[in-house]
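Undergrad: model the following, please.
(one chain, ligands or ions: 2)
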Amino acid sequence: MLVLLAGGAGYIGSHTAVQLLDAGHDVVIVDNYSNSSPEAVKRIAEITGRPVRAYEADVKDRDAVSRIMQENSIDCVIHFAGLKAVGESVRKPIEYYRNNIDTTLTLLECMNEHGVRNIVFSSSATVYGEENPYPYIETMRRGSCSNPYGWTKYMMEQILEDAAKADPELSVVLLRYFNPIGAHASGRIGEDPQGIPNNLMPYVSQVAVGRRDHLTVFGNDYPTPDGTCRRDYIHVMDLADGHVKAVEFAARNKGTEVFNLGTGTPYSVVEIVEAFERNSGVPVKYEFGPRRDGDLAEFWANADKAREVLGWTASRTLDEMCRDSWNWQKQNPEGYGN
Ligand code: NAD
Ligand code: UFG
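TA: Ligands and ions are numbered 1, 2, ... in the order given. The predicted structure follows:
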């Protein structure tokens, strides 16, 4: 299949591109590099030994996306092209709604124009909101999101679901990611956040490589075993494998299906730091600080549906996640900026 990766130069998109190519599919990447680098595209080609077609374009630009679909006979779209920083979304809600909703509408309009029938969407565990018990199951009610980023995911899920209801030919797969970490085992592609990282693992690895002095652990008075928050961390390569399964499933399905992509096992912030130290051999200085606004004490996935329907399970261990994150960070201390 020829898969259009909107936002395919980013962290999850680049790893998915590698796994799609290795599974024998072809990819076309569209990215405006607002949060990524063309260097990632070169490295996808280097890892896979396959040429990668990439367009620098804004996915909100309908003419550009239409032209790309005209030039390439696309079988499936994966929509990664979102702004994703939770705190920034609180400060810049309009930018987040504009980018995330507009990219989705533009992709759907162009798919309709060019007869593309399958779309896989990067959603998030954040759509389960603040009120559901864990582990989260796909059938739970969505909503009560704690920030505009979360609401964009909620709204985009709704838009896609409505589009599939109205068009019996359309196949929509909503993938709700838990907490992706890790990198390709080669260390050639990985997570390269701009500025100060918001997320735990890039922060930890930047402390280890000497770019930051210490990690602040946000809160140690949560009702969890060691008082720090627990999350369902998943290796980005397992997540990428989930996308290969989802694309293949989308091609044989109609309507909307939702899948959690997580491991089903939570780890605390302190457990992550200790696992990272064990696997890198580098101490990571940390201090306990106040809770971060909007953080939930803990949540994790029930990933049974993905196993039963897609035949997918996350197989890589926490040690592999830490080892691969460190391998990427130490080979690329400044990310793709090197
Ligand atoms: P990322 O920022 O590394 O990748 C997103 C890519 O989209 C970037 O390359 C960026 O340049 C591009 N992009 C953004 N807006 C664009 C536009 N208008 N036109 C063209 N390109 C555009 O993020 P990621 O971690 O790879 O996440 C991918 C998707 O998964 C996002 O939608 C994100 O919200 C979602 N997600 C991520 C996580 C996570 O923890 N990383 C968790 C849940 C969901
Ligand atoms: N944390 C720290 N210090 C830091 C960064 C994070 O202690 O410097 C803690 C957080 O408090 C949280 C845990 O590490 O307990 C994980 O935090 P992340 O920011 O890495 O991830 P979140 O669980 O907050 O958010 C992630 C994605 C969101 C997504 C959400 C739910 O970043 O996009 O999962 O899926 F919405």
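Undergrad: now the helices for the stretch 151-300 of the chain?
TA: 200-208, 236-251, 269-280 (DSSP state H, counting those that start in this stretch).
Undergrad: residues touching whatever residue of the stretch 51-200 of the chain ends up closest to ligand 1, list them.
TA: At 2.9 Å from ligand 1, Gly82 is the closest residue in the stretch 51-200 of the chain, using CB to the nearest ligand atom. Every C-beta, even on glycine, is put in place using the N, C-alpha and C of the backbone. With contacts defined as CB atoms under 8 Å, 6 or more residues apart in numbering, Gly82 is in contact with 7, 99-100, 103, 122, 152-153.
Undergrad: pLDDT value on it, please?
TA: On pLDDT, Gly82 comes in at 96.
Undergrad: SS state for it?
TA: Here Gly82 is recorded as coil under DSSP: H, G, I helix; E, B strand; the rest coil.
Undergrad: look up how far Ile272 lies from it.
TA: Per CB to CB, to the nearest Å, Gly82 is found 24 Å from Ile272.
Undergrad: now do the strands in the stretch 151-300 of the chain.
TA: Applying DSSP state E, counting those that start in this stretch to the stretch 151-300 of the chain gives strands spanning 171-177, 179-181, 215-218, 230-231, 233-235, 255-261, 267-268, 286-289.
Undergrad: so Asp324 sits right up against Asp238, yeah?
TA: No - contact criterion CB atoms under 8 Å: Asp324 and Asp238 do not qualify, at 11.1 Å.
Undergrad: so Tyr286 makes contact with Asp213?
TA: No - using CB under 8 Å as the test, Tyr286 is too far from Asp213 to be in contact (10.3 Å).
Undergrad: between those two, what contacts are shared?
TA: Joint contacts of Tyr286 and Asp213 (CB under 8 Å, 6+ apart) are Val207.
Undergrad: please say which of these two ends up with more neighbours.
TA: Tyr286 (17 against 8; other CB atoms under 10 Å).
Undergrad: what residues are up against the nearest residue to that one once chain neighbours are set aside?
TA: Spatial nearest neighbour of Tyr286, excluding adjacent residues (CB to CB, 6 or more residues apart in numbering): Leu215 at 4.1 Å. Contact partners of Leu215, counting by CB under 8 Å, 6+ apart, are 200, 203-204, 207, 273, 284-287.
Undergrad: list buried residues within the residues you listed.
TA: The neighbour count (16 or more other CB atoms under 10 Å) marks 200, 203-204, 207, 273, 284, 286 as buried among those.
Undergrad: thinking again about what came up before, distance to ligand 2 and mean pLDDT added to the helices of the stretch 151-300 of the chain, as a markdown table?
TA: Output for these, formatted as a markdown table (distance: least, CB to the nearest ligand atom, whole Å; pLDDT from 0 to 100):
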| stretch | distance to ligand 2 | mean pLDDT |
| --- | --- | --- |
| helix 200-208 | 4 | 97 |
| helix 236-251 | 12 | 98 |
| helix 269-280 | 5 | 98 |
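Undergrad: format these as JSON lines; extra columns: distance to Ile29.
TA: Putting the helices of the stretch 151-300 of the chain into JSON lines (distance: least, CB to CB, whole Å) gives the following:
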{"stretch": "helix 200-208", "distance to Ile29": "22"}
{"stretch": "helix 236-251", "distance to Ile29": "14"}
{"stretch": "helix 269-280", "distance to Ile29": "30"}
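Undergrad: between those helices, which gets nearest to Glu169?
TA: Of all those, helix 236-251 sits nearest to Glu169, with 12.0 Å by CB to CB.
Undergrad: that closest one and ligand 1 in contact?
TA: No - Helix 236-251 lies apart from ligand 1 when judged by CB under 6 Å from any ligand atom; the minimum separation is 8.3 Å.
Undergrad: so which bits of that helix are buried?
TA: 236-250.
Undergrad: so for stretch 132-150, mean pLDDT?
TA: 95.
Undergrad: with stretch 172-184 instead?
TA: pLDDT averaged over stretch 172-184 gives 98.
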